[in-house]
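Novice: Mind looking at a prediction? Sequence and model below.
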Amino acid sequence: MRGWQALFYKEILRFWKVAFQTVAAPVLTALMYLLIFGHVLEDRVQVYEGVSYTSFLIPGLVMMSVLQNAFANSSSSLIQSKMMGNLVFILLTPLSPWNWFCAYVLSSVVRGVAVGLGVLCVTMWFTPLQVVAPWWIFIFGFLGAGMLGAMGVIAGLWAEKFDQMAAFQNFVIMPMTFLSGVFYSIHSLPDFWETASHFNPFFYMIDGFRYGFFGQSDVSPWLSLLLVGSAWFVVSTIALHLLKIGFKIRG
Amino acid sequence: MLALSFQSVSKIFQTPRGSLQALDGVSFDIQKGEFFGLLGPNGAGKTTLISILAGLAKATSGRIVVNGFDVQKDAAQTRMQLGVVPQELVFDPFFNVREALRFQSGYFGISKNDDWIDELLNSLGLTDKANSNMRLLSGGMKRRVLVAQALVHKPPVIILDEPTAGVDVELRQTLWQFIAKLNREGHTVLLTTHYLEEAEALCGRIAMLKQGRVVALDHTSSLLKNASSNVLRFKLDEQLPPELAAQARITGRIVQFPANDAQQIENYLSAVRLAGLKAQDIEIRKADLEDVFLDVMGSSS
């Protein structure tokens, strides 16, 4: 076994040992959103031709859960290890910045995908769901989870206290996911907010992901792929750089 | 052959209240197979030096070489050479003892390590705790696991940063027997401790740090030889006059004077008598490392 695989496996086991909190709870949250918003809006809103609002909502909720949980995994692991001091066990090993990056980001992808699949399984019971282009679903699911895993690494390295981490989560990640078109099509927004949404990389993740289900989207999935891929690359480069310089972890 | 080489290591911390020089040109070498003690009062820079050695911090200038590998340039190779027992009692609350040791082996690229893990558990008296969660262990048990974690990859150089702080007598015995055995088998040991008795008993050579500088570096026996050879020790119920108290080391009722010969001892005793005080339980003992330490720390200011 290579060193990074040990760290990857440890990170998986870390969230799996508390799966009730890290997997079951976010699945339940997503289900609540579906029940409440679906109930209120089912007969009032139709975004795409031939797609009920509940169907429209499900891919958005799946992707939102994937993103939030991928972020939560790497960020909470790093901040906890920093606060507890047990990050020293990893700092003392020959694991390289690339090893850290692969282990933390891939384990975040696993957690994001596990929660996403959970949400999909639970919500599937409520309405039939088409799958037009599964490859788009996989690509956007993995890229999105990878990007949020890398953002979690950045936040985990940057935050020195739990409240700083909570601020990052509540003032950056939450608004970006909620304002990305999970619950609505951005075409329904006033011009200003529609334009603003085009600067949010999360919008393209959810739009591209949704295209895989319905074959319809606000923008072309290729454009989304280009932008999400670029954002993923930028975020990953920053995360790797911070790991290389030992940002806030090697004094 | 050199195991460790510290070459003009300096470290300056930038703090809101200005810069703080934690280490100021620290240089010394440790040969392979040595049992070396690094002593100094709190804040002398011991842990900073060990952090730089372990790659947990970067030196402002200077370099450290471990078995020929530069700590900064060859970080991965250096860390394969080092087994570091951190001073803080840290642990991963998600895992039990065996899991923690298996993961630690894994980080060093070792996949099947259970034979050595069993030996470590046995030597450190942890066998019956192997399946206990880390959270449920007592402080002393956690300390033992820290030692085991540092040794999973059989490092040739072992660094112990105050491993016996707050640890009971039994564990200290177990720990030192085990470390001494590893040292006999050829492992180099670098130890920091506040228990000078332990350092005197274990370390062949000693460096003393004060305010980031090396103020003494010698064989333990030479350090002891060069100090005042004897100590006059007695108990006193009253206060010593200030001019005498300035020369003495006073711990509660116990008064100790460093003395080189019989004449000096007589002088001290008569001074006490002339002050109208009654010394009890008078004894004369050989100077130990604590006397040397206090002497060095006092004189080099």
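Specialist: That came through fine.

Novice: okay, CA-based contacts and neighbour counts for the rest of this
Specialist: OK.

Novice: and the nearest residue to A:W98 once chain neighbours are set aside, how many neighbours?
Specialist: Distances taken as C-alpha to C-alpha, 6 or more residues apart in numbering or on different chains place A:L240 nearest to A:W98, at 6.9 Å, with adjacent residues excluded. Counted with other C-alpha atoms under 10 Å in any protein chain shown, the neighbours of A:L240 add up to 20.

Novice: Pretty sure A:L240 sits in a strand.
Specialist: No. Using DSSP: H, G, I helix; E, B strand; the rest coil, the assignment for A:L240 is helix, not a strand.

Novice: Quick check: the gap between it and A:C102.
Specialist: 10 Å (C-alpha to C-alpha, to the nearest Å).

Novice: now swap in B:K58 and tell me
Specialist: 24 Å.

Novice: what's the answer for B:V145, then?
Specialist: Counting by C-alpha to C-alpha - B:V145 and A:C102 are separated by 28 Å.

Novice: Those two: which has the busier surroundings?
Specialist: For B:V145 versus A:C102, the count of surrounding residues by other C-alpha under 10 Å is larger for B:V145: 29 against 20.

Novice: Now do the buried residues in the host helix or strand of that one.
Specialist: Assigned by DSSP states H and E, B:V145 falls within helix B:139-151. Buried residues in helix B:139-151, counted by 16 or more other C-alpha atoms under 10 Å in any protein chain shown: B:G140, B:M141, B:K142, B:R143, B:R144, B:V145, B:L146, B:V147, B:A148, B:Q149, B:A150, B:L151.

Novice: How about stretch A:235-251?
Specialist: Those would be A:V235, A:S236, A:A239, A:L240, A:L242, A:L243, A:G246, A:I249, A:R250, for stretch A:235-251 by 16+ other C-alpha under 10 Å.

Novice: Same check on stretch B:235-248?
Specialist: B:K235, B:L236, B:L240, B:A248.

Novice: now stretch A:173-180
Specialist: Applying 16+ other C-alpha under 10 Å to stretch A:173-180 flags A:I173, A:M176, A:T177, A:F178, A:L179, A:S180 as buried.

Novice: Under a three-state scheme, what state does the closest residue to chain B within the stretch 51-200 of chain A occupy?
Specialist: As assessed by C-alpha to the nearest C-alpha, chain B sits closest to A:P94 within the stretch 51-200 of chain A, at 4.1 Å. Following three-state DSSP, A:P94 is assigned to coil.

Novice: any idea how far the closest residue in space to it that isn't next to it in sequence lies from B:Y195?
Specialist: Nearest residue to A:P94 in three dimensions, chain neighbours excluded: B:A76, at 4.1 Å (C-alpha to C-alpha, 6+ apart). According to C-alpha to C-alpha, B:A76 and B:Y195 sit 32 Å apart.

Novice: same check, this time on A:L129
Specialist: 70 Å.

Novice: Between the two, tell me which one has more neighbours.
Specialist: A:L129 (19 against 14).

Novice: residue boundaries of the helices in the stretch 1-150 of chain B?
Specialist: Per DSSP state H, counting those that start in this stretch, the stretch 1-150 of chain B carries helices over the ranges B:46-54, B:75-81, B:97-107, B:114-123, B:139-151.

Novice: Present these as CSV; the columns should include mean pLDDT.
Specialist: CSV is the format used below for the helices of the stretch 1-150 of chain B (pLDDT from 0 to 100):
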stretch, mean pLDDT
helix B:46-54, 96
helix B:75-81, 96
helix B:97-107, 97
helix B:114-123, 96
helix B:139-151, 94
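
Novice: Format those helices as a markdown table; extra columns: distance to B:F36.
Specialist: Shown next, in a markdown table, are the helices of the stretch 1-150 of chain B (distance: least, C-alpha to C-alpha, whole Å):
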| stretch | distance to B:F36 |
| --- | --- |
| helix B:46-54 | 13 |
| helix B:75-81 | 16 |
| helix B:97-107 | 26 |
| helix B:114-123 | 22 |
| helix B:139-151 | 17 |
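
Novice: so B:G43 touches B:Q211, yeah?
Specialist: Yes. Counting by C-alpha atoms under 8 Å, B:G43 does reach B:Q211; the two are 7.0 Å apart.

Novice: In terms of neighbours, single out the busier of those two.
Specialist: Counted by other C-alpha under 10 Å, B:G43 and B:Q211 do not tie: B:Q211 has more neighbours, with 19 against 13.

Novice: Look at that one and report its pLDDT.
Specialist: pLDDT recorded at B:Q211 is 93.

Novice: check contacts around it.
Specialist: Contact analysis of B:Q211 by C-alpha atoms under 8 Å, 6 or more residues apart in numbering or on different chains lists B:A22, B:L23, B:G43, B:A44, B:G45.

Novice: same check, this time on B:A287
Specialist: So B:A287 contacts B:L224, B:A227, B:S228, B:S229, B:N230, B:V231, B:P258 (C-alpha under 8 Å, 6+ apart).

Novice: can you do 6 Å?
Specialist: Shown in contact with B:A287 (C-alpha atoms under 6 Å, 6 or more residues apart in numbering or on different chains): B:S229, B:N230, B:V231.

Novice: In which helix or strand does the last one reside?
Specialist: When secondary structure is defined by DSSP H and E, B:V231 falls within strand B:230-235.

Novice: need the next SSE after that strand, C-terminal direction.
Specialist: Next along the chain from strand B:230-235, counting by DSSP H and E, comes helix B:242-245.

Novice: Please work out which residues outside that next one touch it.
Specialist: Outside helix B:242-245, no residue touches it (C-alpha under 6 Å, 6+ apart).

Novice: That one: how far from the chain's middle?
Specialist: 32 Å (C-alpha atoms, centre = their mean, to the nearest Å).

Novice: for stretch B:125-138, same thing?
Specialist: That offset, for stretch B:125-138, works out to 26 Å (C-alpha atoms, centre = their mean).

Novice: If we ignore the residues flanking it in sequence, what's nearest A:P134?
Specialist: A:P134 sits nearest to A:G212 (C-alpha to C-alpha, 6+ apart), 5.6 Å away.

Novice: backbone phi and psi for the one you found, please?
Specialist: Main-chain torsions, A:G212, degrees, to the nearest 10: phi -60, psi -30.

Novice: So it versus A:Y53, what's the distance?
Specialist: 16 Å.

Novice: so, in contact with chain B or not, stretch A:243-251?
Specialist: Yes. Shown here: stretch A:243-251 in contact with chain B (C-alpha under 6 Å from any C-alpha of the partner chain) through A:R250, A:G251.
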